[in-house]
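Participant: Whatever this is, show me its structure:
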Amino acid sequence: MPGVIMRFPQGSFSLLSRRAFLQASALGVCPRAWCENGFSTAAIDLVRSSTVIDMLGLLTLDYRKLCTWQCTPDAFRAIDLERLKDSGINVFHPAVGFTRGDIYRQSLDDIDRWNQFLAAHPADFLRVDTPADIDRAKSSGKLGIVLGLQNSSHFRNVDDVDAFYRLGQRVSQLTYAPNRIGGGSTDPHDPGLTEFGASVVERMNRVGMAIDVSHCADRTTLDAIAASKKPVLVTHSNCRALVPSSPRCKTDEAIKALAARGGVMGVTMIRFFVSTGATANLENVLDHIDHVAAIAGVEHAGIGSDEDLAGHDHGPRLSKPADLDGFDYARKMYAIAEGLLRRGYSKPNIALILGGNFRRVLAEIWSPAALS
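Facilitator: Have a look, this model is predicted:
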């Protein structure tokens, strides 16, 4: 009997009889032989058919390796590319934040290194400058890269917003720690959005650069949302209602205000922003997505994992364990799709969470028609 060969996320192949494939598909059953790591064909198909965006997704947390890739093009190997493509992610936003030293120069160098890397790999990567580039990355099979920074201290004046936009920057987190723009999440004396911060927000609106308030303190977060004429993003944070001890997580007030202005919140997969208990797992991550959907609407939930495909605990260590229990970050989008299916989300709504919501809001923020 003729067989059907299906390629799974991990790069393995399974040979099935066509009759078995059709019978199981009709029943909605996932035979063990063609489920990978417990993922159903429905979850696999959802990831592959959706435009999947990780709005804080790192190619690697090994920054020495990343620098080597950027500075020595041949160091990026076919196996590295295959691993990234097998993740199911179409668009990465691999932003970092500089908080010490010459932040302007470091930020300039970061953007320059990314541009060098992308120019060296035009067949595999695409710099995402416009909404059409997101679609082009998906349709072409290239990996889209959104250039961003997790601190806006490199904006010495408002004209620097224009200058970095011309270099390709499309997202900027207003604060990582307290700066001239406003308060950081750990700032006990949050001043709110400053006068200079308001001018930066206005200029970012004008040029079409997305405002990210993931690390902003509470008052600065609300002030920035109110001041912006375009939707504001939380690319990577979680819900303080579920993790009350974390000032990095967002209040219900902030999440609702963000959604009311059209913004989207990316849920992160860092364990201490996911759970305060002894365990932290995928179910806890899904709880945060549930909470955003419940209080703000499913149209305002997304993913900003703040992880690479190996996890923090396999690379440069943080001060405490950062990864979810027993979780395979290389398959994170498949796991999220499977979990949301299990919780009863519709396929169209899962596609929104996987990337459709960020695709929509970035189109609004970046659109020249919205700049008037």
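Participant: From here on, just use CA atoms for contacts and neighbour counts.
Facilitator: OK.
Participant: tell me the domain ranges of the protein?
Facilitator: If you go by automatic domain parsing, the domain ranges for the chain are 1-36, 48-370.
Participant: Return the most buried member of these.
Facilitator: domain 48-370 (a mean of 20; mean count of other Cα atoms under 10 Å).
Participant: Now do that one: distance to the chain's middle.
Facilitator: 4 Å (Cα atoms, centre = their mean, to the nearest Å).
Participant: picking that back up, lowest mean pLDDT across the domains of the chain, which one is that?
Facilitator: Among those, domain 1-36 carries the lowest mean pLDDT, a mean of 38.
Participant: got TSV for the domains of the chain, with distance to Ala42 too?
Facilitator: Below are the domains of the chain laid out as TSV (distance: least, Cα to Cα, whole Å):
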stretch	distance to Ala42
domain 1-36	8
domain 48-370	8
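Participant: center of the protein, which residue is that?
Facilitator: Met55 (1.7 Å; Cα atoms, centre = their mean).
Participant: Just give me the longest helix of the protein.
Facilitator: Using DSSP state H, we find that the single longest helix of the chain is helix 103-120.
Participant: quick one, strands of the chain?
Facilitator: For the chain, applying DSSP state E gives strands covering 3-7, 13-17, 53-54, 91-92, 125-127, 143-145, 148-149, 171-173, 210-212, 233-237, 264-267, 301-303.
Participant: what residues does the fifth one touch?
Facilitator: In other words, strand 125-127. Residues from elsewhere that reach strand 125-127, judged by Cα atoms under 8 Å, 6 or more residues apart in numbering: Leu118, Asp133, Ala137, Lys142, Leu143, Gly144, Ile145, Val146, Leu147, Gly168.
Participant: same question, the fourth one
Facilitator: With contact meaning Cα under 8 Å, 6+ apart, strand 91-92 is reached by 51-59, 134, 137, 143-146.
Participant: hang on, isn't His291 packed against Cys239?
Facilitator: Yes: between His291 and Cys239 there is a contact under Cα atoms under 8 Å: 7.4 Å.
Participant: Give me the common contacts of the two.
Facilitator: Common neighbours of His291 and Cys239 (Cα under 8 Å, 6+ apart) do not exist.
Participant: quick one, which of the strands of the chain is nearest to Ala227?
Facilitator: If you check each of the strands of the chain against Ala227 by Cα to Cα, strand 210-212 wins as the nearest, at 10.9 Å.
Participant: what helices or strands is that closest one leaning on?
Facilitator: strand 171-173, helix 195-207, strand 233-237, helix 357-366 (3 or more Cα pairs under 8 Å, 6 or more residues apart in numbering; DSSP states H and E).
Participant: Now do the contacts for the closest residue to Ala120 other than its chain neighbours.
Facilitator: Closest residue to Ala120 apart from its sequence neighbours, by Cα to Cα, 6 or more residues apart in numbering: Pro73 at 6.1 Å. Shown in contact with Pro73 (Cα under 8 Å, 6+ apart): Phe117, Ala120, His121.
Participant: Now do the helices in the stretch 201-350 of the chain.
Facilitator: 218-227, 252-260, 271-274, 282-296, 332-342, 347-351 (DSSP state H, counting those that start in this stretch).
Participant: that older thread, with distance to Gly356 added, can I get the contacts of Pro73 in a markdown table?
Facilitator: Formatted as a markdown table, the contacts of Pro73 follow (distance: Cα to Cα, whole Å):
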| residue | distance to Gly356 |
| --- | --- |
| Phe117 | 27 |
| Ala120 | 29 |
| His121 | 26 |
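Participant: Can you tell me which of the residues you listed lies closest to Cys249?
Facilitator: Closest to Cys249, out of all of the contacts of Pro73 and judged by Cα to Cα, is Phe117, at 32.9 Å.
Participant: need the contact list for the residue nearest to that closest one when sequence neighbours are not counted.
Facilitator: The spatially closest residue to Phe117, leaving aside those adjacent along the chain, is Gln70, at 4.7 Å (Cα to Cα, 6+ apart). Counting by Cα under 8 Å, 6+ apart, Gln70 touches Arg113, Trp114, Gln116, Phe117.
Participant: Glu307 is in contact with the residue nearest to the centre of the chain, correct?
Facilitator: No: using Cα under 8 Å, Met55 is not in contact with Glu307; the gap is 10.4 Å.
Participant: still on that earlier bit, identify all contacting residues around the longest helix of the chain.
Facilitator: Residues outside helix 103-120 that contact it (Cα under 8 Å, 6+ apart) are 67, 69-71, 73, 98, 125-127, 147, 149, 153-156, 164, 167-169.
Participant: How about stretch 78-90?
Facilitator: 9-11, 47-48, 51-54, 59, 124, 137-138, 141-144, 309, 330-334.
Participant: mind exporting it as PDB, just the C-alpha atoms?
Facilitator: The C-alpha trace of stretch 78-90 is given here as PDB (Å, rounded to 0.1, in the frame of the first residue of the first chain):
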ATOM      1  CA  ALA A  78      23.300  24.600   8.100                       C
ATOM      2  CA  ILE A  79      22.500  22.800  11.400                       C
ATOM      3  CA  ASP A  80      22.000  26.100  13.200                       C
ATOM      4  CA  LEU A  81      19.600  27.200  10.500                       C
ATOM      5  CA  GLU A  82      17.700  23.900  10.500                       C
ATOM      6  CA  ARG A  83      17.200  24.100  14.300                       C
ATOM      7  CA  LEU A  84      15.700  27.600  14.000                       C
ATOM      8  CA  LYS A  85      13.400  26.600  11.200                       C
ATOM      9  CA  ASP A  86      12.300  23.400  13.000                       C
ATOM     10  CA  SER A  87      11.100  25.600  15.900                       C
ATOM     11  CA  GLY A  88       8.100  26.600  13.800                       C
ATOM     12  CA  ILE A  89       8.800  30.300  14.500                       C
ATOM     13  CA  ASN A  90       8.700  32.500  11.400                       C
END
